[in-house]
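J.: predicted model, plus sequence, below.
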Amino acid sequence: MQIKNNEMNILVEALPYLSAFKGKTVVVKYGGNAMLNDDLKNKVLEDIVFLRCAGMRPVVVHGGGPEITAMLKAAGKKSEFISGLRVTDKETVEIAELALVGKTNTDLVRRLNMLGGKAIGLNGKDAKLIEARKHLADVYENGQVNLVDIGFVGTVEKVNTDLINLLLENDYIPVIAPTGIGPDGETYNINADSVAGEVAGALKAEKLLMLTDVRGIYEDHKDESTFLSTLTFEKAQELIVKGSIDGGMIPKVKACISALSGGAVKTHIIDGRQEHSILQEIFSDEGVGTEVVRD
Ligand SMILES: Nc1ncnc2c1ncn2[C@@H]1O[C@H](COP(=O)(O)OP(=O)(O)O)[C@@H](O)[C@H]1O
Ligand SMILES: CC(=O)N[C@@H](CCC(=O)OP(=O)(O)O)C(=O)O
């Protein structure tokens, strides 16, 4: 392959961004519906390998909700969600771990390595990477909030960043499955968006990029003309209470808020269905998607 003369400009135009982002940590949350198509999957992973080759420090946190649902179905189990979180009994947490760690994580690692990256798979139990405790779901009823036990679902207590930093310093791409280890060694199933937010905050990442299956946040998500290129904490809270941001978008917005509160510099919700959206976000002044910013 040869880069044509008229394409050289693109490389030169990227120069200021390459130099600004060299050595910077970029956490990419990849999952859900943006991960279902194989061709698109490779495009997303190419972008991640590109970042590493350009001297950035990408870290991948992945989901795999649809994969867990499919494996549960094959085992004759129904999936039930409360406040966007999977109700996770003992058998479900075992199947979720098989899907996330055994299937999705190894598949992403294999693909990244075939594309020239040095990817290494991790989950919350590796060197106690993600210490977790039981999470109780918030359920709103008649204006009151009730806390509901949904089984082996965890909240991140602590991210042990030493292992991640050790790998980044040695040019590896850490690929993290969203499981956690409890104080008694129990396994927790954790929402991947929350893990990404906590990891980005703990690493003080330059950017958290949350890939999803829409352009970004809409003030009214039935009306594309209400797309928001920036969203403050205050506005996010208002839209969540009003119900304009709902379902799977809530943990994404909350992850951005927790990342910024933890020390991450910038957070963006971008369209994972659009080819090379990661590169477009990093290598342009305008960016793509919705940036979540402090008030
Ligand atoms: N205000 C909003 N703006 C955009 N999307 C929203 C909004 N509120 C809810 N959504 C929904 O959130 C979905 C993304 O969440 P989810 O399906 O869990 O993501 P993923 O599968 O990418 O992890 C979108 O497809 C959209 O239907
Ligand atoms: C507690 C909880 O709900 N955990 C999620 C973990 C996977 C996930 O978050 O995957 P996506 O990013 O693909 O949605 C689940 O069981 O589906």
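T.: It's in. Ligands and ions are numbered 1, 2, ... in the order given.
J.: check the secondary structure at residue 245 for me.
T.: Residue 245 falls in the coil class when you classify it by DSSP: H, G, I helix; E, B strand; the rest coil.
J.: tell me the confidence at it?
T.: Looking at residue 245, its pLDDT is 92.
J.: tell me, how many residues neighbour the closest residue to it other than its chain neighbours?
T.: In space, and not counting its chain neighbours, residue 245 is closest to residue 239: 4.4 Å by CB to CB, 6 or more residues apart in numbering. Any C-beta I mention is one placed from the backbone N, CA and C, and that applies to glycine too. By other CB atoms under 10 Å, 22 other residues sit near residue 239.
J.: can you pull the residues of the stretch 51-200 of the chain lying near ligand 2?
T.: 63-65, 68, 85-86, 96, 153, 178, 189-192 (CB under 6 Å from any ligand atom).
J.: what's the ChimeraX syntax to select whichever of these are buried?
T.: Burial among those is assessed by 16 or more other CB atoms under 10 Å; the matching ChimeraX selection reads:
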select :63,64,65,68,85,86,96,153,178,189,190,191,192
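J.: who are the contact partners of residue 239?
T.: 217, 219, 231, 245 (CB atoms under 8 Å, 6 or more residues apart in numbering).
J.: in space, what's closest to the second one - neighbours in sequence excluded?
T.: Distances taken as CB to CB, 6+ apart place residue 226 nearest to residue 219, at 3.8 Å, with adjacent residues excluded.
J.: in contact with the one you found, which residues?
T.: 218, 219, 220.
J.: between those, which sits nearest ligand 1?
T.: residue 218 (4.0 Å; CB to the nearest ligand atom).
J.: how near is the residue lying closest to the closest one once chain neighbours are set aside to ligand 1?
T.: Closest residue in space to residue 218, ignoring its immediate chain neighbours: residue 226 at 4.9 Å, by CB to CB, 6+ apart. From residue 226 across to ligand 1, the span is 8 Å (CB to the nearest ligand atom, to the nearest Å).
J.: which of the residues in the helix or strand hosting residue 52 are buried?
T.: Using DSSP states H and E, residue 52 maps to helix 38-53. Across helix 38-53, burial judged by 16+ other CB under 10 Å covers 41, 43, 44, 45, 46, 47, 48, 49, 50, 51, 52.
J.: OK, contacts around the first one?
T.: In other words, residue 41. 35, 111.
J.: ok, now the third one?
T.: With contacts defined as CB under 8 Å, 6+ apart, the neighbours of residue 44 are 30, 34, 35, 211, 272, 278.
J.: hang on, the earlier thing: distance of the residue nearest to residue 219 from ligand 2?
T.: Taking CB to the nearest ligand atom, one finds residue 226 at 24 Å from ligand 2.
J.: for residue 245, see how far away that residue is.
T.: Shown here: residue 226 relative to residue 245, a distance of 12 Å by CB to CB, to the nearest Å.
J.: all helices of the stretch 101-250 of the chain, in order?
T.: Taking DSSP state H, counting those that start in this stretch, the helices of the stretch 101-250 of the chain run over residues 106-114, 161-169, 192-202, 233-242, 249-262.
J.: so what secondary structure elements neighbour the next helix-or-strand element following the longest one?
T.: Next along the chain after helix 249-262, taking DSSP H and E as the criterion, comes strand 266-271. For strand 266-271, the packing partners by 3 or more CB pairs under 8 Å, 6 or more residues apart in numbering; DSSP states H and E come out as strand 207-212, helix 249-262, helix 277-282, strand 290-293.
J.: list the pairing partners of the last one within its sheet, with orientation.
T.: Read it as strand 290-293. Strand 290-293 pairs in its sheet with strand 230-232 (parallel), strand 266-271 (antiparallel), by DSSP bridges.
J.: do the longest one and ligand 2 meet?
T.: No: Strand 266-271 does not reach ligand 2 (CB under 6 Å from any ligand atom); its nearest approach is 12.8 Å.
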